[in-house]
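Trainee: Provide a 3D model corresponding to the input given below.
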Amino acid sequence: MTSKLSRVRILVKDKAELVRKHINYTELQWGRFHKITRDQLLETRRLYPLEQDSWRHVPAQRRTEMWERTNNLLQSEDCPPVPIDVFVWRMHKLLQPGKNRHRDWNNVKVGRPFGWKKPTKKEDEIPDKKQ
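Mentor: Residues are numbered from 1 along each chain as shown. Take a look at the predicted model:
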C-alpha cells in the first residue's frame, strides 16, 4: 500500500495540509505562497477581465508567466519553488466554483496564517481606567 505523500502529482481534491507537506513548506512559507498566488491572481483579473472565474479561461501564456513570477518571488524570499501541479492546485482553489462565486476580487482581504486565533473579547477590550 502506498502513502498519499508518495504520489507524484497533486490533485485538485487534495487537502491543503497534504499539499504543504508534499512540497516540504513550513507554515510561514505556505503563508507567503498563499499571499503571492492571491496577488498574482488579482493582477491577472485586472489585466484580463474574465467572463467566468475559471482557471481554463486564463490565457496560457499568462498562466506560465504567473507560475514563473510566483517562483521568482518565492525564491527571492528563500522559499523553494513550487512545482506546476501545486501552482495549478492553488489557482483552482482560488477560483473554485461555488465557494468564491460571489467574491469581489477587487476587495479580497489577506487570509490569516496557520495557527492564527481570533482574539477573545477580553483581549480586545480597553482596560477600564476607573479601577
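Trainee: Which helix or strand in the chain has the lowest average pLDDT?
Mentor: Sorted by mean pLDDT, DSSP states H and E, the helices and strands of the chain end with helix 121-124, the least confident at a mean of 55.
Trainee: now the helices for this structure?
Mentor: Here the chain has its helices, by DSSP state H, at 16-22, 27-47, 60-76, 84-94, 121-124.
Trainee: export those to a markdown table and tack on mean neighbour count and distance to R9?
Mentor: C-beta coordinates here come from the backbone N, C-alpha and C atoms, glycine included. Shown next, in a markdown table, are the helices of the chain (neighbours: other CB atoms under 10 Å; distance: least, CB to CB, whole Å):
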| stretch | mean neighbour count | distance to R9 |
| --- | --- | --- |
| helix 16-22 | 15 | 10 |
| helix 27-47 | 17 | 18 |
| helix 60-76 | 14 | 15 |
| helix 84-94 | 19 | 5 |
| helix 121-124 | 7 | 43 |
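Trainee: thought V19 was touching D85?
Mentor: No. Look at V19 against D85 with CB atoms under 8 Å: they stay out of range, at 9.2 Å.
Trainee: overlap in contacts of those two?
Mentor: Listed as contacting both V19 and D85 by CB atoms under 8 Å, 6 or more residues apart in numbering are I10.
Trainee: coming back round to it: turn the helices of the chain into JSON lines, including distance to I10.
Mentor: Shown next, in JSON lines, are the helices of the chain (distance: least, CB to CB, whole Å):
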{"stretch": "helix 16-22", "distance to I10": "5"}
{"stretch": "helix 27-47", "distance to I10": "13"}
{"stretch": "helix 60-76", "distance to I10": "14"}
{"stretch": "helix 84-94", "distance to I10": "5"}
{"stretch": "helix 121-124", "distance to I10": "38"}
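Trainee: and S54, which of those is closest to it?
Mentor: Nearest to S54, of all these, is helix 84-94, at 9.1 Å by CB to CB.
Trainee: Also compute the angle for that closest one relative to helix 60-76, please.
Mentor: Here helix 84-94 points in a direction 110 degrees away from that of helix 60-76 (axes from the mean of the first three to the mean of the last three CA atoms, to 10 degrees).
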